[in-house]
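Peer 1: how does the following fold in three dimensions:
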Amino acid sequence: MPETVEVECDNGGCELDMFEVHYTYDVPDDHDVDDLSCPYCADSANPLGDRPMTKLETYGREALNTVLERVGRGVSQLQSRKPLSYDLLETDTEYLVVFDAPGATAEDVQVQFVDGELEVRIDRFRAFHKGFEMRFPGRGLTLSGTATLPDTASVTGSETTPDATLTQNGTLHVTIPKADSAQTVAVEDDDTPHKE
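Peer 2: Next comes the predicted model:
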């Protein structure tokens, strides 16, 4: 059996430390190590960054992108199915329901009162980022949540009107007066800067 040869790539930018060449008996007598090219960087004359991708690297990158995209879409769907988190607060005169509404604008948000419940739906979109390619679409675009309101919450009535405000820190504040109240509420953007 011909001897095994250990070969080092002469490209200083190559990340491959060493590779072994195992020959068969059919190797030509005039074959030399100079006839070989590095299996990692393909051509030792080219710097690593300038070399074309091998087929294996191309398939590997495509497979990785496909996996990342599918996992991202799964995470996105999971987030869309999970109800929005909320807090319910109370004073002597009104209730405050605070929903998480990250990345939404007033046009994206629908607030409705139905059968003693506050229903919120957010239809977001992914903004285009010039020069960037989507690798992991993990954020849910359609989010919704329902808060059960106490019996004393007034969502109809001529003297008091529920109010909804989308804050700059990504929360939706819905205030509901206490008394007698089923109507759709207009959502406004809060222009005041967020203080931490």
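
Peer 1: per-residue pLDDT, the residue positioned nearest the centre of the chain?
Peer 2: Geometric centre of the chain, nearest residue: residue 138, 3.0 Å, by Cα atoms, centre = their mean. pLDDT recorded at residue 138 is 72.

Peer 1: which helix or strand contains it?
Peer 2: Using DSSP states H and E, residue 138 maps to neither a helix nor a strand.

Peer 1: my guess is it contacts residue 72. True?
Peer 2: Yes: contact status for residue 138 versus residue 72: in contact at 4.5 Å, counting by Cβ atoms under 8 Å. C-betas here are computed from N, CA, C, even on glycine.

Peer 1: all helices of this structure, in order?
Peer 2: Applying DSSP state H to the chain gives helices spanning 55-81.

Peer 1: tell me where the model's unsure across it.
Peer 2: Within the chain, the segments meeting pLDDT under 70 span 1-2, 15-19, 21-23, 25, 31, 33-35, 39-59, 155-160, 179-185, 194-196.

Peer 1: swap the cut-off to 50 and go again
Peer 2: 43-51, 180-183 (pLDDT under 50).

Peer 1: looking at it, which residue lies furthest from center?
Peer 2: residue 29 (57.5 Å).

Peer 1: ok, residue 110 - contacts?
Peer 2: Applying Cβ atoms under 8 Å, 6 or more residues apart in numbering, we find residue 110 in contact with 119-123, 184, 187.

Peer 1: at 10 Å what do you get?
Peer 2: With contact taken as Cβ atoms under 10 Å, 6 or more residues apart in numbering, residue 110 is in contact with 119-123, 144, 164, 184-185, 187.

Peer 1: any chance you could map the strands in the protein?
Peer 2: Applying DSSP state E to the chain gives strands spanning 5-7, 19-21, 86-90, 94-100, 109-114, 117-123, 142-148, 163-166, 171-177, 184-185, 187-189.

Peer 1: quick one: distance of stretch 164-172 to the chain centre.
Peer 2: Chain-centre distance of stretch 164-172: 21 Å, with Cα atoms, centre = their mean, to the nearest Å.
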